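# Need coordinates for the following:
(2 chains)
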Amino acid sequence: QVQLQESGPGLVKSSQTLSLTCTVSGGSISSSGYYWSWIRQHQGKGLEWIGYIYYSGNTYYNPSLKSRVTISVDTSKNQFSLKLRSVTAADTAVYYCAREVHGDYYFDYWGQGTLVTVSS
Amino acid sequence: QSALTQPASVSGSPGQSITISCTGTSSDVGNYNLVSWYQHHPGKAPKLMIYEGIKRPSGISNRFSGSKSGNTASLTISGLQADDEADYYCCSYATSTTSFYVFGTGTKVTVL
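Residues are numbered from 1 along each chain as shown, chains lettered A, B, ... in the order given. A predicted model of the protein is given here:
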């Protein structure tokens, strides 16, 4: 059973960089056929897809966040990470990592999510 | 890309059937058979219930079924059970000119 677990600071100051890591267990992040995504949910609102990475390092980002986002992968640690620069209060949200089945466009495993609050 | 529209809440008694709608546009729901549905109990990881509009992952009860008509996808839960009480989100593949994915606004299912 694949499991994903997000980790990182729960509080980030405005204008700084939000950094989160997703640790994958029960499966290899280097397995072909899967993309590894970050998704967030603002309080009381719907979900927003941030972007994904393939184990080779190929990425694709939501154009609305592209200028501030970097997703990277560390296959030796079976982890992938999110960096979101120049954060504001609007970036306060629960951040989820998830596995996407390549080419099938759905997320078959998710982490429990981690709340990140941006403070002034 | 605007969020897909779902009813804020749906309720039913145990044993009843309920249907959650998910309305998009011809750029997402209407143009692709790539709608997925997720069940989310607060504090837990979201769980895939339906993919490609109508398919159930292994281990998901056949009480959950998906369908689509035009720009609206639907999730039906039959034989409602207490544990079905959760938030449900739809998601559709969208055009790559915006975000690859657009999610629904979410529906709170209450078992009376």
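
# Spell out which parts of chain B neighbour chain A.
For chain B, the residues found near chain A under the criterion C-beta under 8 Å from any C-beta of the partner chain are B:3, B:32, B:34, B:36, B:38, B:43-48, B:51-52, B:57, B:89, B:91, B:93, B:97-106. C-betas here are computed from N, CA, C, even on glycine.

# Now the residue nearest to the spatial centre of chain A: which helix or strand?
Nearest to the mean C-alpha position of chain A, by C-alpha atoms, centre = their mean, lies A:Trp38 at 2.6 Å. Element membership of A:Trp38, judged by DSSP states H and E, is strand A:34-41.

# What is the subsequent helix or strand relative to that strand?
Following strand A:34-41 in sequence order, the next helix or strand is strand A:47-53 (DSSP H and E).

# close to chain B, is the helix or strand following that following strand?
Next helix or strand after strand A:47-53 toward the C-terminus (DSSP H and E): strand A:59-61. Yes. Strand A:59-61 comes into contact with chain B (C-beta under 8 Å from any C-beta), by way of A:Tyr60.

# Check which residues of stretch A:39-46 are buried.
Buried positions in stretch A:39-46, judged by neighbour count with 16 or more other C-beta atoms under 10 Å in any protein chain shown: A:39-41, A:46.

# Okay, strands next: where are they in chain A?
Taking DSSP state E as the criterion, chain A contains strands spanning A:3-7, A:11-13, A:18-25, A:34-41, A:47-53, A:59-61, A:69-74, A:79-84, A:93-101, A:107-110, A:114-119.

# For B:Thr19, which of the ones you listed is the nearest?
Among the strands of chain A, the nearest to B:Thr19 by C-beta to C-beta is strand A:47-53 (20.8 Å).

# With adjacent residues omitted, what lies nearest to A:Trp36?
A:Phe80 (4.7 Å; C-beta to C-beta, 6 or more residues apart in numbering or on different chains).

# Pull the contacting residues for B:Val109.
B:Val109 makes contact with B:9-12, B:18, B:20, B:77, B:84-88 under the criterion C-beta atoms under 8 Å, 6 or more residues apart in numbering or on different chains.

# pLDDT weak spots in chain A?
For chain A, no stretch is flagged by pLDDT under 70.
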